[in-house]
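Colleague: Build me a model:
(2 chains)
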Amino acid sequence: MLRLPPFEYHAPKSIAEAVALKAEYGELAMYVAGGTDLFPNMKRQQFTPQNLIGLRKIPELFQLVFDQDGTGLTLGAGVSLNEVAEHPDILKNYPALAKAASLVSAPQLRNMGTIGGNLCLDTRCTYYNQSYQWRKALGFCLKKSGDTCWVARSSPKCLAVSSSDCAPVMVALEAEFCLASPAGEAVKTRIVPASEFYKNDGANFLNKTADELLVSIRLPTYYSGKSGIGWKMNYRKLSRRNAIDFPLLGVATAFRQKDNGDCAEARIVLGAVGSSPLRADEAEKILQDGSLTLERIEDAVQAAAKLAKPLDNTDMTLSYRKKMASRFITEAFNEVLKV
Amino acid sequence: MKQLLTLNINGESHEVWTATHKTLLEVLREDLHLIGTKHGCELGECGACSVLIDGAPVLACLILPVEVQNCEIQTIEGLAENGVPHPLQTAFAEQGASQCGYCSPGMLMTAKAFLDKKSNPEAQEIRQALSGNLCRCTGYSKIVEAVEQASKQTTEIQ
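Modeller: I've put the predicted structure just below:
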């Protein structure tokens, strides 16, 4: 039996109460929302908090508000992944986000898991997502309790993989994350662009202190325009099975097309190929301000695929994942551009 | 640490004095002896422990009972009414959709939540709805056929 290690449970009713509890217990406490990422890790003793601060009773975390002036969406971090996937206004205005949320794990898990939890998902690795005994037998690893990265022994940093489906989409859509933390009796908030929220270090992958709580996500508006001219966006996920599995590669894209069909702006972000979502700047530059010819698209695909340097620490073989990168990115581009 | 929990399960209120860190699955099976809900991977990957919270399928192995105290919990024990099997149970038996039977409680509860929302689903929609429930025996075809049969029966009754 894999049991949860013992803890005391707290159910604050406001963000202020939640961050005050975190300030009181410090490192002995962790926040929990859906629990779908934290509880398996606690059962494997990757985390053993003595206090859990449950976030389900905080109404502010469940807001889903479109601004009346059409400037964007404020999405509470506690909104479930199924609600993000099925909400008609998210499907209409941010189809890539709805699709990414709909591809996380399976229906039951999406009823429990939250968008905030998926955005803060712990990085994953063959040498980390194992039972305590398994990891102990190996002498632990750089991500937790050890000093060797078993994926690449000479690596000075942990190479665990950013496996969130929604994170690459948030980076592509230039979302902003609102973080709350205790400041004496009050609550301090900090706004971080999605691209700066993630760090390419598997053991220290979030630009977020332990007492900061992801409260909400702010998405700007993307007009899809008339007759398909305007923004087009998509997310495509490669995994062994269509359900349950984490991504082996995620491709988030957002393109703005001019009236004549040329590309005005391109955003391409890859997930599950590093310890953070990776923006394919070079590929974006190739497509920006030009016509979408097959040659240019192919050049952009090759530039983006260079970012995918698979390591032997996830599902499927290295050679398969290497071969799939450019093929899959091509499919992702074709799907969004309907080439 | 222990605490007194009040859980509404299959329409009945249960009071249980138990450890805070036990999951809903552990409390159902060990404290309330409702052993119909099965204990699979314990990590949210197999769907064997699926139960319904306020009508939506969730995984009991990753739920703290303290967080679902004011919710309506439905388990496999509450699926048959007055000794009459639910159309899904009848269809599973008739189609041979159970072999070892270990995944069946989770499959049935997930399928029930799905059919409550959706009438006359396509086979592909059924597969999607049950995509979080693993079965190592049947190859899934008979399960999908059973859900199709049950959906036709429930539509006829309505």
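Colleague: Just give the closest residue to the residue of chain B found nearest chain A, not the sequence neighbours.
Modeller: As assessed by CB to the nearest CB, chain A sits closest to residue B:132 within chain B, at 2.5 Å. C-beta coordinates here come from the backbone N, C-alpha and C atoms, glycine included. Spatial nearest neighbour of residue B:132, chain neighbours left out: residue A:106 (2.5 Å); criterion: CB to CB, 6 or more residues apart in numbering or on different chains.
Colleague: if we can go back for a sec, what's the local residue count around the residue of chain B closest to chain A?
Modeller: Neighbour count of residue B:132, defined by other CB atoms under 10 Å in any protein chain shown: 24.
Colleague: sorry, back to before: let me see the contact set for the residue nearest to residue B:132.
Modeller: Counting by CB atoms under 8 Å, 6 or more residues apart in numbering or on different chains, residue A:106 touches A:243, A:244, B:47, B:131, B:132, B:133.
Colleague: Next: residue A:18.
Modeller: Taking CB under 8 Å, 6+ apart as the test, what residue A:18 contacts is A:12, A:31, A:53, A:55, A:58, A:180, A:213.
Colleague: Now flag whichever of those is closest to chain B.
Modeller: Nearest to chain B out of the contacts of residue A:18 is residue A:55 (CB to the nearest CB; 9.9 Å).
Colleague: Who are the contact partners of the nearest residue to the closest one once chain neighbours are set aside?
Modeller: Excluding the flanking residues, the one nearest residue A:55 by CB to CB, 6+ apart is residue A:33, at 4.6 Å. Applying CB under 8 Å, 6+ apart to residue A:33 gives the contacts A:55, A:56, A:61, A:77, A:78, A:114, A:116, A:117.
Colleague: what's the pLDDT at the last one?
Modeller: Looking back up the chat, that one is residue A:117. Looking at residue A:117, its pLDDT reads 98.
Colleague: Secondary structure element for residue A:22, which one?
Modeller: helix A:15-25 (DSSP states H and E).
Colleague: Flag every buried residue along that helix.
Modeller: Judged by neighbour count using 16 or more other CB atoms under 10 Å in any protein chain shown, the buried positions of helix A:15-25 are A:15, A:16, A:17, A:18, A:19, A:20, A:21, A:22, A:25.
Colleague: neighbours of the nearest residue to the last one once chain neighbours are set aside, just the number please.
Modeller: If you skip the residues right next to it in sequence, residue A:25 has residue A:51 as its closest partner in space, 4.7 Å away by CB to CB, 6+ apart. The number of residues packed around residue A:51, counting by other CB under 10 Å, is 16.
Colleague: Pull up the gap between residue A:51 and chain B, please.
Modeller: Shown here: residue A:51 relative to chain B, a distance of 11 Å by CB to the nearest CB, to the nearest Å.
Colleague: biggest helix in chain B, by residue count?
Modeller: Longest helix in chain B, counting residues (DSSP state H): helix B:141-157.
Colleague: does any bit of it sit next to chain A?
Modeller: No - Helix B:141-157 does not reach chain A (CB under 8 Å from any CB of the partner chain); its nearest approach is 13.8 Å.
Colleague: Nothing else from me, thank you.
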